[in-house]
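[1] Sharing a model prediction with you, sequence too.
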Amino acid sequence: MRKPFIAGNWKMNLTLDMAQELTDKIAAENIDFNRVGVALIPSYTNLYPVYKILKSTGTEIRLGSQNVHFEKNGAYTGEVSVEMLKSVGCTFALLGHSERRNILGETDELINKKLHSCIDQGLDAIVCVGETLNEREAHIHKEQTVSQVGKALKGIEKKFLNNIIIAYEPVWAIGTGKTAGKEDAEEIHSAVRDFIKSKYGEEAASEIKIIYGGSVKPENIKELINMENIDGALVGGASLKFESFSKIIQNCTI
Ligand SMILES: O=C[C@H](O)COP(=O)(O)O
């Protein structure tokens, strides 16, 4: 049985005050962490202040970054390393978000390098994959998504799979109010799990978490999470408001 996991990706939103206020409220929530895992993914500037609040309250809410550089250190102006992220309390990094793939030109090869860097240096990762509208309309959404998973995981050994979560995010459903229907999402999650099974075996496939992202709200989390292969959500817009994010966590029941 895979415990559901809800991660709030704040993207390029929230100033320091706003991030602290939202974290205070979420950290004060009475969340049953035996039932659901929760994580916050603030901007780089808000990581350490958010970490301090999480640490002072003793909550089990995890902290992740929205990106990372693949090199350990050096002349990479504007970039942040795995070691830096760990030093401000991050336990994972988000890799290959569609906004980074499509707006900033991140390639599958780059995402694979970042994943290796995270694994080598002891940082977990959420690897994002998903098709564009054109790919869905061309009926290659399944192949495209599975291919992204394969390229991201190239060279990753089976023993590290429990440090990785896959997030399926159909690009056309992000921030648009459109959600992939639960059956549409399940079709892709199931295909990704089959791929993991073919590459790493049955046990790895049954253990890896595959979460869904794309206009997740308090109203649709329950039907999504009740699908066999959907293990949680990567929430964007609805994670910026305490009321909607806490309701998503509450409604995340199987
Ligand atoms: O990282 C989160 C996803 O991009 C989904 O964003 P959204 O919930 O605003 O559609």
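    Happy to help now that I have it.
[2] can we go C-alpha only for contacts and neighbour counts from here?
    Noted.
[3] all strands for the stretch 101-250 of the chain, in order.
    Assigned by DSSP state E, counting those that start in this stretch, the strands in the stretch 101-250 of the chain fall at 124-129, 164-168, 210-213, 232-235.
[4] The last one: partners in the sheet, and parallel or antiparallel?
    Sheet neighbours of strand 232-235, with direction, are listed as strand 5-9 (parallel), strand 210-213 (parallel) (DSSP bridges).
[5] What is the neighbour count of residue 56?
    Residue 56 has 9 neighbouring residues, counting by other CA atoms under 10 Å.
[6] quick one: average confidence on the helix or strand that contains it?
    For residue 56, the host element (DSSP states H and E) is helix 44-57. Averaged over helix 44-57, pLDDT sits at 98.
[7] Kindly report the same for stretch 184-193.
    97.
[8] Stretch 127-135 too?
    pLDDT averaged over stretch 127-135 gives 94.
[9] ends of that stretch, how far apart?
    The first and last residues of stretch 127-135 sit 19 Å apart, counting by CA to CA, to the nearest Å.
[10] Show me which positions of that stretch end up buried.
    127, 128, 129, 130, 131, 132, 135 (16 or more other CA atoms under 10 Å).
[11] any chance you could map the helices in this structure?
    Under the criterion DSSP state H, the chain contains helices at 16-28, 44-57, 82-87, 98-102, 108-121, 133-137, 141-152, 182-200, 202-207, 221-225, 242-251.
[12] As CSV, the ones you listed with distance to the ligand would be great.
    Below are the helices of the chain laid out as CSV (distance: least, CA to the nearest ligand atom, whole Å):
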stretch, distance to the ligand
helix 16-28, 17
helix 44-57, 15
helix 82-87, 19
helix 98-102, 7
helix 108-121, 16
helix 133-137, 14
helix 141-152, 15
helix 182-200, 13
helix 202-207, 22
helix 221-225, 11
helix 242-251, 10
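[13] coming back round to it: tell me which of the strands paired with strand 232-235 is the most buried.
    strand 210-213 (a mean of 29; mean count of other CA atoms under 10 Å).
[14] Dump the C-alpha coordinates for it into CSV.
    Taking C-alpha atoms only, strand 210-213 is exported to CSV below (Å, rounded to 0.1, in the frame of the first residue of the first chain):
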residue,chain,number,x,y,z
ILE,A,210,3.4,8.3,-9.2
ILE,A,211,1.6,11.5,-8.4
TYR,A,212,-0.6,13.7,-10.6
GLY,A,213,-0.4,17.4,-11.3
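[15] Can you give the contact residues for it?
    5, 165-170, 174, 185, 189, 193, 229-236 (CA atoms under 8 Å, 6 or more residues apart in numbering).
[16] picking up where we left off before, to residue 9, which of the strands of the stretch 101-250 of the chain lies closest?
    strand 232-235 (5.9 Å; CA to CA).
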